[in-house]
Each structure stands twice: as C-alpha cells, then as structure tokens.
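Undergrad: pasted the sequence and its predicted model underneath.
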Amino acid sequence: MRSVVCLLCIIISSAIYAQKGLVSSLQEKQEGQGVITIYDEDGIEELVNIQVEVNKRMGGVDGFRIQLYSGSGPTGKKKALQVKSKFLHNFAEYDADMSFTSPFWRVRVGNYRHKHEALPLLTELRKFFPNCYIVKDGNVKMNKFEVIN
C-alpha cells in the first residue's frame, strides 16, 4: 500500500512539473543567474493568467501621485492647462494627467506604488509648484512585469 501511495505522489509531482508557461519559464536555468523553484497545483497557472487579464482591464492599481492643481469654476480648466503646460516644459521626461471630476479639474503626475517613492519628485516640484502634495490614487498605472530569463 505504501509503495502505491509513493508511486502516486511521484506521478502527481511529475505532472505538476510538466506545466509550461510562466511557472516553467521562471524555473528555467540560465547561466550566471539564480534558480527559482515553484511548487504549485494543477490550475494555478491558469488562475494567474486570469488575474493578469483582470489587471489589464482595470488599468491601474492603488498607489500615489503628486497633485499639482485642483480647481473649479469658470477658469478651472484654463488654469489646469496652464499648470500642465508649465510642468511639461520643466519636466519633459515625465507625463502629466489632467482630469475632470465634477466640479474639479485636477493635474496629477507620477505613478508610485508607495508614498515614499514620490518624495524625491515632490521635492523637485515644490520649486515650481509650492502647493503640490502627494495624494492617494486608485488608478496608478504601473510598468509591466517582465520575466527575466
């Protein structure tokens, strides 16, 4: 009986390691690099792929941005455009997003997962925009994860 159980365990383990895709690409040995060993069950890789697709549709994650301007009224849009233009002129390597959520026009920059990551840019921005501050944002666009082989 023990030998049958051991044989079943070996067969199941072999089936798990036979999966191809993200898991197997992470476990491939490359010269000069470390090795990642992943123990998973049948169907886990499919669930990971489903989650990746869901994340793509959401467009962003919870994180932090730096708000340069928030205003309303008849001149709100004009002022937001001026702030965005001033930012892009002085910080050409960054992108700025202008949005309207009634009744406010907002200009926000940066995409940070953690608040402390935004602090260096905030320090630089305060020279041009003394009233800017870090805000929590539920639609922060993050870089795609890359699998390094």
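TA: Ah, there it is.
Undergrad: where does pLDDT dip in this structure?
TA: Applying pLDDT under 70 to the chain picks out residues 1-27, 55, 58-59, 142-149.
Undergrad: domains of it?
TA: As assigned by automatic domain parsing, the chain contains the domains 2-56, 61-140.
Undergrad: could you check how far the longest one is from the centre of its chain?
TA: Same thing as domain 61-140. Distance of domain 61-140 from the chain centroid (C-alpha atoms, centre = their mean, to the nearest Å) equals 18 Å.
Undergrad: what's next to the lengthiest strand in the chain, contact-wise?
TA: In the chain, taking DSSP state E as the definition, the longest strand is strand 61-71. Contact with strand 61-71 is made by 55, 79-80, 83-84, 87, 96-97, 104-115, 117-118, 121-122, 125, 129, 132-138, 140, 142, as judged by C-beta atoms under 8 Å, 6 or more residues apart in numbering. In short, each C-beta sits where N, CA and C put it, glycine included.
Undergrad: one step back: can I get the domains of the chain in a markdown table including mean neighbour count?
TA: Converted to a markdown table, the domains of the chain look like this (neighbours: other C-beta atoms under 10 Å):
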| stretch | mean neighbour count |
| --- | --- |
| domain 2-56 | 11 |
| domain 61-140 | 15 |
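Undergrad: specify the local secondary structure of Lys29.
TA: coil (DSSP: H, G, I helix; E, B strand; the rest coil).
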